[in-house]
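In: next come a sequence and a model predicted from it.
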Amino acid sequence: MNLDLIDVSRWQFGITTVYHFIFVPLTIGLAPMVAVMQTAWLVTGKERWYRATRFFGTLFLVNFAMGVVTGIVQEFQFGMNWSEYSRFVGDVFGAPLALEGLAAFFIESIFLGVWIFGWDRVPRWIHLASIWMVAIAVNLSAYFIIVANSFMQHPVGAVYNEATGRAELSDIVELLTNSTALAAFPHAVFGSLLTAGTFVAGIAGWQMIRTTRRAENDPTHADAAELWRPAFRLALWFIVIGVIGASISGHTQAQLMFEQQPMKMASAEALCHTETDPLFSILSISTMNNCDTAVQVLGVPFVLSFLAGNQFTGVELQGVTELQAQYEQMFGPGNYTPNLFVTYWSFRMMIGLMAASMLLAVLGFWYTRKGRVPTMKWLGWASLISIPFPFLANAAGWVFTEMGRQPWVVHPNPDYWPENSPGGENEIHMIVDFGVSNHSVATVWVSLISFTLLYGVLAVIWFWLMRRKVLEGPLPPGSSENIAADSYGPDDDDGVQPLTFGHSEAEPTSPATSRGDE
C-alpha cells in the first residue's frame, strides 16, 4: 500500500486521537460516579460507599493521568502535521482550546489536588464539593473541545478575511453556542456515562461473583452482598441513563446532520439516489466502495424517515449521487463522497455496541432483584467482557463523525452557501488536501511509528496498573486509612494522610460522627 503525505498524516492523527479517546469518556463518566459514591457515604454513613469511592477513585486517577499525557500531543499535532489548517482557522479554533486549558483544566487540576490530598485535611463537605467540581470541570473541558470540533463540522461565529486568506473570529458567543456543539455535547456526555457505567458494572459484577463463590469464612465473602452488589446496581442505572440519553441526543444530532451534512448521512445509509421514505438499512453490500453497485439486502421501513424528520412518511432524503453533483456545481470538480464502507459500518457499530451494554443492564437487574446475590460464573465473565463495548462504540462514533465529513477538514456551512450567503462567510471551508503541512512523507512516517510505539507502551502500563488495582481489591472492612471519624477536619494535628489508597488496619470510618456533626 503506497501512502502519500496526506494519508500518513491522517493515519497518525486518527491513531493518536482514537487512543486518546479511550480515556476521555471514562474520565468524563467516572468522575460523577465517584462523586455519587462519596455523596452516598456522607449521607448514609455506610462504609460500603467509602470503600467503593476509594477503590474506583484509584482507577479514575490512573485513567485521568493517562488522558492528560495523551491529550497533550493532540493540540501540538495541529501545528506539526496540519499547519496549513492551523493557519486557516487558528484565530477561531484557538479560542475554545485556550478556554479548555486556562479555565476547565485549571479547575480540574486544583480541585483534583484538593480531593487527592484533602482526606483528613479539609471538612468533609468541602472535600465532597471538590470531587463534584472535578466532575463539572471535566464536562466543561469536554464542551470546549466539542465547540472546537463543531467549528470543523459547522463553522459559525467567524468571517473570511480575503486579504489574509484566513477565518477570523467575529462572535465568540455564536461560536460557543454552535447548534452542532449543543447537540453533540449531551451525546458525548451520555456516551461517557454509559462507558463509566459499563466499566464499573463489569468490575463490580466480576468481583461480586468472584467473592460470593468463596468459602463463607473467607474475609471477602461478605463483600459480594455488602459492597459489590450495590456498586453493580448503581452502575447499571448509569448504563440505563446513558443508553436512553445517548439515544435521544443521538436522534437530535442525526436530524441536525441531515440538514448540515447530508452527504454524511446519505453515506451512513448507503443511500445512493434521492428517495422519499427510504428504508433504514440493516445490511447493504457494494463492491470496491462503489455507490453504483450498492445493494440493500435488509431494511426497515419508517425508521429512517423518523430519524431524519420526526415523521414516518413524506420525508425526501438526498442521495450520494445527487449530492455529489450539487457539490461539484458549488465547489468545483472533485470527489465529495466519504468512504462509504467506513461511514456505513462505523454508524452501525456505534449503535450495536451500545445495545450490548444495555443487555448487561437487563441481565444484571434481573439476577440481582429483591436482594439476590447471583453465583453464576458466566455472569461475572459476561460483565467483564462487556467493558470494551462502549469504548469501541465511542471510538466508532468519532470515526463516523470525522470520516463522514471527508473530504472536508472544515465542512462548508449550508446556511452560507452561495445562494444563501450575504457574502464572505461561504468561503470558510477547507478540503483535507489543503490543510496538511509541507513535510516529507518519511518525516511523518517517523513520527507515526514513534507515537504508535510510545502509545503502545503507555497502553501496556495503563492496563497493568488497572489490572493490579482491580485485583488488589478495595480497602478491607473497618479500614479507614487514618481518616478517623474524629479527625476529618482542618483543625486536627494528626489527620494529615493524603489519598494513598493503601490498606491499613485503622478503625472504621463513618461520617455520621465526624467533627462537622458535633
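Out: Received the coordinates, thanks. Numbers count the residues shown, from 1 in each chain.
In: remind me, longest helix of the chain?
Out: As assigned by DSSP state H, the longest helix anywhere in the chain is helix 5-44.
In: after that one, heading C-terminal, what element do we hit next?
Out: Downstream of helix 5-44, the first helix or strand assigned by DSSP states H and E is helix 47-80.
In: so which elements touch that following helix?
Out: helix 5-44, helix 83-99, helix 179-212, helix 229-260, helix 441-472 (3 or more Cβ pairs under 8 Å, 6 or more residues apart in numbering; DSSP states H and E). From N, CA and C alone the C-beta is placed, and that goes for glycine too.
In: got the buried residues for it?
Out: 47-64, 66-67, 69-71, 73, 77-78, 80 (16 or more other Cβ atoms under 10 Å).
In: list the contacts of the worst-scoring helix or strand of the chain on mean pLDDT.
Out: Scoring the helices and strands of the chain by mean pLDDT, DSSP states H and E places helix 223 at the bottom, with a mean of 78. For helix 223, contacts defined as Cβ atoms under 8 Å, 6 or more residues apart in numbering pick out Gln207, Thr211, Gly473, Pro474, Pro477.
In: now this structure, which segments are flagged as low pLDDT?
Out: 1-2, 215-219, 288, 417-426, 479-518 (pLDDT under 70).
In: okay, now the domains of it?
Out: Domain ranges of the chain: 82-177+432-438, 478-518, per automatic domain parsing.
In: tell me the spacing between Ile351 and Leu42.
Out: 38 Å (Cβ to Cβ, to the nearest Å).
In: between the two, who's got more neighbours?
Out: Set Ile351 next to Leu42 and count neighbours by other Cβ atoms under 10 Å: Leu42 wins out with 19 against 14.
In: surely the more buried one touches Ile131?
Out: No: checked against Cβ atoms under 8 Å, the pair Leu42 and Ile131 is beyond contact range at 10.9 Å.
In: just name the most buried of the helices and strands packed on helix 47-80.
Out: Among the helices and strands packed on helix 47-80, helix 179-212 has the highest mean neighbour count (mean count of other Cβ atoms under 10 Å), at a mean of 25.
In: can you give me how far the helix or strand just after it is from the chain middle?
Out: Per DSSP H and E, helix 179-212 leads on to helix 223 as the next helix or strand towards the C-terminus. Centroid separation between helix 223 and its chain, computed with Cα atoms, centre = their mean, to the nearest Å, is 31 Å.
In: cool, and stretch 277-287?
Out: 28 Å.
In: report the buried residues of that stretch.
Out: Asp277, Pro278, Leu279, Phe280, Ser281, Ser284, Ser286.
In: what of stretch 328-341?
Out: Phe331, Tyr336, Thr337, Pro338, Leu340.
In: so which of the residues you listed belong to strands?
Out: Judged by DSSP state E, strands contain none of the buried residues of stretch 328-341.
In: what about the residue nearest to Ser9 when sequence neighbours are not counted, distance to Thr16?
Out: Nearest residue to Ser9, sequence neighbours excluded (Cβ to Cβ, 6 or more residues apart in numbering): Asn81, at 4.3 Å. Computed as Cβ to Cβ, the Asn81 to Thr16 distance reads 10 Å.
In: got it, and Ala356?
Out: Ala356 is 26 Å from Thr16, by Cβ to Cβ.
In: coming back round to it: so what's the residue count around the residue nearest to Ser9?
Out: Neighbours of Asn81 (other Cβ under 10 Å): 25.
In: mind listing what it touches?
Out: Ser9, Gln12, Phe13, Val436, Ser437, His439, Val444, Ser447.
In: closest one of those to Gly371?
Out: Phe13 (50.2 Å; Cβ to Cβ).
In: which residues sit in contact with the nearest residue to that closest one once chain neighbours are set aside?
Out: Nearest residue to Phe13, sequence neighbours excluded (Cβ to Cβ, 6+ apart): Gln77, at 5.9 Å. Counting by Cβ under 8 Å, 6+ apart, Gln77 touches Gln12, Phe13, Thr16.
In: now, which of the residues you listed sits nearest Leu175?
Out: Phe13 (22.5 Å).
In: show the contacting residues for that closest one.
Out: Gln77, Asn81, Trp82.
In: for these, give me a markdown table that also has distance to Tyr160.
Out: A markdown table is the format used below for these (distance: Cβ to Cβ, whole Å):
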| residue | distance to Tyr160 |
| --- | --- |
| Gln77 | 24 |
| Asn81 | 24 |
| Trp82 | 19 |
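In: re earlier: among the buried residues of stretch 277-287, which two are most distant?
Out: Asp277 and Ser286 (21.8 Å).
In: show me where the stretch 401-518 of the chain has strands.
Out: 408-410, 430-431 (DSSP state E, counting those that start in this stretch).
In: now distance to Lys377 too, for the helices and strands packed on helix 47-80, in TSV please.
Out: TSV is the format used below for the helices and strands packed on helix 47-80 (distance: least, Cβ to Cβ, whole Å):
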stretch	distance to Lys377
helix 5-44	26
helix 83-99	48
helix 179-212	6
helix 229-260	15
helix 441-472	17
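In: to Ala167, which of those helices lies closest?
Out: helix 83-99 (5.1 Å).
In: next, the angle from the closest one to helix 47-80.
Out: Between helix 83-99 and helix 47-80, the angle comes out at 150 degrees (axes from the mean of the first three to the mean of the last three Cα atoms, to 10 degrees).
In: check which element follows helix 83-99 along the chain.
Out: helix 105-117.
In: how many neighbours does the closest residue to Asp171 other than its chain neighbours have?
Out: The spatially closest residue to Asp171, leaving aside those adjacent along the chain, is Gly157, at 4.3 Å (Cβ to Cβ, 6+ apart). Gly157: 19 surrounding residues under other Cβ under 10 Å.
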